[in-house]
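Sequence and computational prediction follow.
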Amino acid sequence: MTSNTRMRRLLGAATAVALATTMAACSSSSTTASPTSSAPAVAGGSSSAPAPAPAPASSPAVSGSSAASAPASSSASGSPSAPAGGKIKSGLKVYFIPRDTQNPYEVLADAGGTAALKELGGTVVVSSGSTATAAAEIPSIQAAIQAHADAIVIAGNDPTALCPSLAQAVAAGIKVVSFDSDVTCPDHLFINQADTQQIGTSEVDLLAKQIGSTGDIAILSAAATATNQNAWIGYMKQQLAAKYPNMHLVSTVYGNDDPATSLTVLQGLISAYPNLKGIISPTTVGISTAAQYLSTHKNVKITLTGLGLPSQMKPYIKDGTVKAFELWNPSDLGYLAGYAAASLASGITTTATGAKFSAGKLKDYTVLAPSGTTGPSVVLGPPTVFDSSNIDQFNF
Amino acid sequence: MSDIVATPVLKKSPNGAVPPSERLSLRSAVRWESGLIVVLIAALWFGFAQPNFASGTTVFFMGYNMGEIAIMALPLMLIVMIGEIDLSVASMLGLSGTLMGLLFQDGWNIYLAMLAALVVGALGGALNGVLIAKLGLPSIAVTIGTLGLFRGLAEPLLGANSVSNFPASLTKIGAAGVFGTHFSFSTVVFVVLAIIFGVVLHATPFGRSLFAIGLQSEAARFSGIRVDRIKFWLYVLSGVLCAFAGILFSLKNASARYDQGTGLELNVVAVVLFGGVSIFGGRGTVFGVVLSVLIFGTLQSAMTIINIDPQIQNIIIGVLLLISVIIPNGGEALRRIRARTRRSV
């Protein structure tokens, strides 16, 4: 019995130490790289995500008064054509709350936002948790409220769970802007990284340019159920039918965003369609796996393009395996979000449809009408094309 | 809370026997709590040095962030007191919130959905209890199993969806304090529960029997304490209160998701151990746990206000937890090792 007790004690001690170490180590393991296939979570400018319950009014804001309809301080009304109707207030304090603090994609976005506020004479505080969860972001929202920030720019880890906290921020007079991953709360502006239709059509255009608009092509996607990918593929098919009669989509295969699976289905494609001219892979895992395969099998002459991370694709651009691929520029995304937040906080624009503001080097933007689950939003613009001329400037 | 005093308890000697003459004075139990008070004062001093800390909003936010953790820490404290552990607490929080969300979405009355979540909490706790108390399986293995099981059961219920259209009259607990104060609903619940737990643990024969089980469960059994039954019901209690915490968690976030509160068990265990509850059982006070909750809440609030990197925050909390295990047990462990080496020579 004594040895039994000792065993229990030892076990207990081991548990305690193990817990203590996990406590420190576990929650800091933030490995999420944002723009994997699922990252453009709400890239739904026009008509992407099927909205299951289009009931925006039932959102749980309790105290937040609606700021959507022209606030009293709207000085923009006097200058209908010029976007920058008023002056950005100086000394604005904007909280950038990324999904987590280590995410390389959002580190760039935050830097873009910091640059924007610097141009406007304000400051940016970047604050978030070490894990990409809504619970980890809430203390940062609270800190923004306590610091009497002028605006919050947030990439939500959960579309709804942040709403009560954001509603408190709105009630405290803080303007809310979301980017990268939208939230469903009222009273905020969503900075959409790219329009769903634009992503689909531009990828087809990019491939067509490289293969002379002729030949068999295939799509290497993520999961068959991935909402974003399926929406993009839908527009790809429309674009092929409308503009490229000589390009034939022979197959769409699914690698489930797993490198091994992607490789297997890619090899299947290559052996099944020996005349394949091009592959579009609208997912970072798919395109990097395919690029790796093609770079080591130079006898396979297939043109590859799609959505990729510059950091992953750099070697394949350098060795000529891939000529060009796309993604939005996260730095510009943060920059635009910074300008939007500053303009809202200065009262020179609103979230009303058609409201305008100027975003420095990115020129002028107009707030789009809500559609589906997406509230008022602006779209950053067409995706950035990465090729040998600019790949060295990006490290995300 | 000043009426709660540490109960004098028998001290376990290094070889596991309990010499009746050796009584643990109030000293060592009280010493940990006084240490905690010093730490709390230091934490508050650190907090008040930060801009915008001294406000009612801070009180509300602390309650918002710590409420569910604190509520789950109370039953866990009793379980640790009797020398066991429950790591399934956060998974139960996830399962109950998810179930409530699912049933509500299916058109159930919200209060019935809550009741169902509580029943599932009791059943989950009973499962833990049967395996640990009746079958005598090690609690760490069992509750790691149910940690996975409960979360696993929650996942197919809602999948990647979340339920977010709860009645605004209920979700307002996430937006404002109760009765116009800055105390969150969960804070009030915690205070009430802490008083009940404090009285039961420190001022009733039942509470005393928990200390006895933690120190020597065999001896407790022979002296007529129904060890297995108590163990079983403590796990049921833990299940119910964790399910209740899950309901609060979903309502304050105005959203139920299967992955809500993932990893919170670490915080709950940290609060309990830092509160001076011995991981070996038999020692601990509710007052210590309350202090521990306040310290964690204050530190987290203050560190977030001055935007300390979350990785550094984790290190600080991890070190605090290590200290809380090393200081009370280090001396004894050292003595034991020394005794063993001497014997083997």
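Done, it's in. Numbers count the residues shown, from 1 in each chain, chains lettered A, B, ... in the order given.

Show me which residues of the stretch 51-200 of chain B are close to chain A?
Proximity of the stretch 51-200 of chain B to chain A, by Cβ under 8 Å from any Cβ of the partner chain, involves residues B:51-53, B:55, B:57-58, B:61, B:64-65, B:83, B:85, B:138, B:140, B:161-162, B:164-166, B:168, B:171-172, B:174-176. Placement of C-beta: from N, CA and C, glycine included.

Please convert the buried members of the residues you listed into ChimeraX selection syntax.
Only the buried entries of those go into this ChimeraX selection, using 16 or more other Cβ atoms under 10 Å in any protein chain shown:
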select /B:53,57,58,61,64,65,83,85,140,162,164,165,166,171,172,174,175,176
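
Now do the lengthiest helix in chain B, average pLDDT.
Longest helix of chain B, by residue count under DSSP state H: helix B:310-344. Across helix B:310-344, the average pLDDT comes to 76.

Where does the prediction get shaky in the chain?
No chain was given, so I picked chain A. A:1-85 (pLDDT under 70).

Chain B, not that one
For chain B (pLDDT under 70), the answer is B:1-30, B:328-332, B:343-345.

mind listing what the closest residue to A:Pro315 other than its chain neighbours touches?
Computed as Cβ to Cβ, 6 or more residues apart in numbering or on different chains, the closest residue to A:Pro315 that is not its neighbour in sequence is A:Ser295, at 7.5 Å. Each residue near A:Ser295 by Cβ atoms under 8 Å, 6 or more residues apart in numbering or on different chains is listed here: A:315-316, A:319, A:321.

what two of those are the furthest from one another?
A:Pro315 and A:Thr321 (8.3 Å; Cβ to Cβ).

Between these two, tell me which one has more neighbours.
More neighbours surround A:Thr321 than the other of A:Pro315 and A:Thr321, with 21 against 15 (other Cβ atoms under 10 Å in any protein chain shown).

which SS class is that one?
At A:Thr321 the chain is in coil, as set by DSSP: H, G, I helix; E, B strand; the rest coil.

My guess is it contacts A:His297. True?
No. Taking Cβ atoms under 8 Å as the definition, A:Thr321 is not a contact partner of A:His297, at 9.7 Å.

Tell me, how many residues neighbour A:Ala224?
11.

and the residue lying closest to it once chain neighbours are set aside, backbone torsions?
Nearest residue to A:Ala224, sequence neighbours excluded (Cβ to Cβ, 6+ apart): A:Tyr254, at 4.7 Å. Dihedral pair for A:Tyr254: phi -120, psi 120, per degrees, to the nearest 10.

which one is A:Pro310 nearest to, not counting chain neighbours?
A:Phe394 (3.8 Å).

Give me the neighbour count for the residue of chain B found nearest chain A.
In chain B, the residue that lies nearest chain A is B:Gly318 (2.8 Å; Cβ to the nearest Cβ). Number of residues near B:Gly318 (other Cβ under 10 Å) recorded here: 22.

And B:Leu44, by the same measure?
B:Leu44 has 17 nearby residues by other Cβ under 10 Å.

likewise the one 3 residues further on?
Other residues lying near B:Gly47 total 21 when counted by other Cβ under 10 Å.

what's the closest non-adjacent residue to it?
B:Ala302 (3.9 Å).

Now find how far off-centre the helix or strand containing the one you found is within its chain.
Assessed by DSSP states H and E, B:Ala302 sits inside helix B:286-305. Centroid separation between helix B:286-305 and its chain, computed with Cα atoms, centre = their mean, to the nearest Å, is 13 Å.

got the angle between that helix and helix B:310-344?
Calculated by axes from the mean of the first three to the mean of the last three Cα atoms, to 10 degrees, helix B:286-305 forms an angle of 140 degrees with helix B:310-344.

how about the strands of chain A, start to end?
Here chain A has its strands, by DSSP state E, at A:93-97, A:123-126, A:151-154, A:175-179, A:188-192, A:215-221, A:247-254, A:276-281, A:303-306, A:324-327, A:356-358, A:364-366, A:377-379, A:384-387.

Adding distance to B:Ile312, write those strands out as CSV.
Formatted as CSV, these follow (distance: least, Cβ to Cβ, whole Å):
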stretch, distance to B:Ile312
strand A:93-97, 18
strand A:123-126, 14
strand A:151-154, 22
strand A:175-179, 26
strand A:188-192, 30
strand A:215-221, 40
strand A:247-254, 41
strand A:276-281, 39
strand A:303-306, 38
strand A:324-327, 32
strand A:356-358, 37
strand A:364-366, 37
strand A:377-379, 35
strand A:384-387, 34
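
Output the ones you listed in CSV, with mean neighbour count and distance to B:Ala122 appended to each entry.
Shown next, in CSV, are those (neighbours: other Cβ atoms under 10 Å in any protein chain shown; distance: least, Cβ to Cβ, whole Å):
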stretch, mean neighbour count, distance to B:Ala122
strand A:93-97, 27, 38
strand A:123-126, 20, 44
strand A:151-154, 29, 38
strand A:175-179, 28, 40
strand A:188-192, 28, 40
strand A:215-221, 23, 45
strand A:247-254, 18, 43
strand A:276-281, 24, 50
strand A:303-306, 26, 51
strand A:324-327, 25, 50
strand A:356-358, 21, 55
strand A:364-366, 15, 54
strand A:377-379, 23, 45
strand A:384-387, 18, 55
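
Please point out which parts of stretch A:264-283 sit buried.
A:265-266, A:269-270, A:276-283.

Find the nearest non-adjacent residue to residue 184, please.
Just going to use chain A. In space, A:Thr184 is closest to A:Pro159, 4.6 Å off (Cβ to Cβ, 6+ apart).

nope, chain B please
Nearest to B:Ser184 is B:Gly63, by Cβ to Cβ, 6+ apart, at 3.3 Å.

That neighbour should be in a helix, yeah?
Yes. Assessed by three-state DSSP, B:Gly63 belongs to a helix.

Would you agree it is in contact with B:Thr181?
No. Using Cβ under 8 Å, B:Gly63 is not in contact with B:Thr181, being 10.0 Å away.

More neighbours: which of the two?
The neighbour comparison of B:Gly63 against B:Thr181 (other Cβ under 10 Å) goes to B:Gly63, with 26 against 13.

for B:Thr262, phi and psi?
Dihedral angles (degrees, to the nearest 10) for B:Thr262: phi -60, psi 130.

distance of it from A:Gly286?
Per Cβ to Cβ, to the nearest Å, B:Thr262 is found 28 Å from A:Gly286.

For beta bridges, what are the partners of A:Phe386?
Judged by DSSP bridges, the bridge partners of A:Phe386 are A:Phe325.

who touches it in this structure?
With Cβ under 8 Å, 6+ apart, A:Phe386 has these contacts: A:308, A:310, A:313, A:317, A:324-327, A:394.

A:Met354 is in contact with A:Val378, isn't it?
Not quite, residue A:354 is Gly, not Met. No. With contact defined as Cβ under 8 Å, A:Gly354 does not reach A:Val378; the gap is 11.3 Å.
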